[in-house]
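> Sharing a sequence plus its predicted fold:
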Amino acid sequence: MTSPLTDLGVRLPVIAAPMAGGATTAAMVNAAAAAGSLSLLAAGYKTPEALRTEIATVRAASVPFGVNVFAPNPVPIDVDAYRRYAAAVQSEADRYGLTLPADPNDDDDAFDAKIDLLRADPVPIVSFTFGLPGGDVIRALQKAGTTVVQTVTSVQEAEASAAAGVDMLAVQGWVAGGHSGTFTPERMPAPVPLTDLVRQVLDKVGLPVIAAGGLAAASEVTAVLRAGASAAAVGTVLLRAEESGASASHKAALADPSRTETVLTRAFTGRPARGLRNRFIDRFEASAPLGYPAIHHLTSPLRKAAAAAGDSDVIHLWAGTGYRHAAEKPTAAILTELAG
């Protein structure tokens, strides 16, 4: 089947996944395009104004690109459960002289304002993660000339997305770094190998697929392409790239031989995410409640302070299982090598 990526002139079958929180930069997007690939800006945790500025920066380079948006799929948290966890985590915050938020914040990451921006100033691709937006949002973006991509983690999510009218699927495996795109965060993603998941989705849904999650070697990219994916998306292997905006602490941890394990955790954000195991996870995972974005907002000031202090045991070291392959190289070189 024809991939929308081909229509954009994307030659390389390996693209750069959007990484919210600063890792994906405009420089990375432009570098990917220069290699014949594609990258998506991460709209998550940015204000609409900041997103508008980033889009303008990339658009000035006249390259194909996309934008990834967090679709609202809140997991409300009981106020008492929130406050119990806040009291526990406050012991870490005390070390930095911080007082954590007393009440939960369940905002929607300015979703409507970002969609209004993307309708008024269309970009080639908009992808969604965390949830499936309404059909009216999908149709409005398509009417503006945008290809809509939906992140899914199961066949059921893929079928729902196809029924909603999206153009393409990003099929994310359970070994992916960072947040899982699951629609049902109360359940950890099923441990299905990515090649199997791609085949299962293609068997049920007639949409082109981008495969993502744990891809860190050319042989792994080849495997998902042979399984039927139109392209592979990589993120963790780009965290130490020259154009990456990841913190120095995060980059160092990826190369630290003492960091030997990634785990799925909700201790930092209240939603399943994969990262390098550290002291914060060991201490708080067992008591961490489900609750996104409330827990994200709770721990965010602490994580920022710890990153500034270089304390990698208190920050979210998002990483997929292929993190050992992350290298200090140009983005273009990494993507080209993975494409074989």
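Ah, there it is.

> Surely residue 132 touches residue 72?
No - shown here, residue 132 and residue 72 do not form a contact pair, counting by CB atoms under 8 Å, at 10.2 Å. Yep, even glycine has a C-beta here, placed from its N, CA and C like the rest.

> Who has more neighbours out of these two?
Using other CB atoms under 10 Å as the criterion, residue 132 and residue 72 rank with residue 132 on top: 21 against 17.

> Do you know the pLDDT at the more buried one?
Note on residue 132: pLDDT of 97.

> and it, that's in a strand?
No - Residue 132 is assigned coil when assessed by DSSP: H, G, I helix; E, B strand; the rest coil, not a strand.

> can you map out the helices along the protein?
In the chain, the helices defined using DSSP state H lie at 4-7, 26-34, 48-59, 79-93, 111-120, 135-143, 155-164, 194-204, 218-226, 248-255, 279-284, 294-309, 331-338.

> Show me the contact partners of the longest one.
In this structure, residues lying in contact with helix 294-309 by CB atoms under 8 Å, 6 or more residues apart in numbering are 76-77, 82, 85-86, 89, 92-93, 96, 98, 100-101, 104-107, 247, 249-250, 266-271, 288-289, 312-316.

> Equivalent analysis for the fifth one, please.
Residues external to helix 111-120 that are found in contact with it (CB under 8 Å, 6+ apart): 43, 48, 51-52, 55, 67, 69-72, 126, 133, 137, 140-141, 144, 146.

> and the angle for that helix with helix 135-143?
Orientation of helix 111-120 against helix 135-143 (axes from the mean of the first three to the mean of the last three CA atoms, to 10 degrees) gives an angle of 30 degrees.

> buried ones in helix 111-120?
111, 114, 115, 117, 118 (16 or more other CB atoms under 10 Å).

> The last one now?
By neighbour count, and taking 16+ other CB under 10 Å as the criterion, the buried residues in helix 331-338 are 331, 332, 334, 335, 336, 337, 338.

> residues in contact with the nearest residue to the second one once chain neighbours are set aside?
It refers to residue 332. Excluding the flanking residues, the one nearest residue 332 by CB to CB, 6 or more residues apart in numbering is residue 35, at 3.7 Å. Contact analysis of residue 35 by CB under 8 Å, 6+ apart lists 12, 331, 332, 335, 336.

> before we move on, back to that, quick one: closest of the helices of the chain to residue 179.
Between residue 179 and these, the shortest gap by CB to CB is with helix 294-309, which sits at 9.5 Å.

> Tell me what angle that closest one forms with helix 79-93.
Using the same axes, to 10 degrees: helix 294-309 against helix 79-93 is 10 degrees.

> now helix 294-309: mean pLDDT?
On average, helix 294-309 scores 95.

> Once you drop chain neighbours, what's closest to residue 161?
Residue 161 sits nearest to residue 150 (CB to CB, 6+ apart), 4.0 Å away.

> Just give the number of residues close to that neighbour.
Around residue 150 there are 29 residues (other CB under 10 Å).

> didn't it look like it was pressed against residue 127?
Yes - look at residue 150 against residue 127 with CB under 8 Å: they come within range, at 7.1 Å.

> between these two, what contacts are shared?
The contact lists of residue 150 and residue 127 share residue 170, where a contact means CB under 8 Å, 6+ apart.

> Without its sequence neighbours, what residue ends up closest to residue 44?
Ranked by CB to CB, 6+ apart and with sequence neighbours excluded, the top spatial neighbour of residue 44 is residue 20, at 3.3 Å.

> ugh, wrong one, I meant residue 217
Take residue 217 and drop its neighbours on the chain: the residue closest to it by CB to CB, 6+ apart is residue 325, 6.4 Å away.

> Tell me the predicted confidence for the one you found.
Residue 325 is given a pLDDT of 95.

> who touches it in this structure?
216, 217, 236, 237.

> mind listing what's buried in stretch 39-46?
For stretch 39-46, the neighbour count (16+ other CB under 10 Å) marks 39, 40, 41, 42, 43, 44, 46 as buried.

> Output the residues you listed as a markdown table; include the columns pLDDT and distance to residue 293.
Shown next, in a markdown table, are the buried residues of stretch 39-46 (pLDDT from 0 to 100; distance: CB to CB, whole Å):
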| residue | pLDDT | distance to residue 293 |
| --- | --- | --- |
| 39 | 95 | 24 |
| 40 | 96 | 20 |
| 41 | 97 | 20 |
| 42 | 97 | 15 |
| 43 | 97 | 14 |
| 44 | 97 | 10 |
| 46 | 97 | 14 |
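
> Between these, which sits nearest residue 209?
Proximity of the buried residues of stretch 39-46 to residue 209 (CB to CB) peaks at residue 40, which lies at 15.7 Å.

> Give the closest residue to residue 223 in space, chain neighbours not counted.
Per CB to CB, 6+ apart, closest to residue 223 is residue 195, 5.3 Å.

> Report the buried members of the contacts of helix 294-309.
77, 82, 85-86, 89, 92-93, 100, 104, 247, 249-250, 266-271, 288-289, 312, 314-316.

> Please tell me I have it right and the residue nearest to residue 44 contacts residue 41.
No - Residue 20 lies out of contact with residue 41 (CB under 8 Å); the separation is 9.7 Å.
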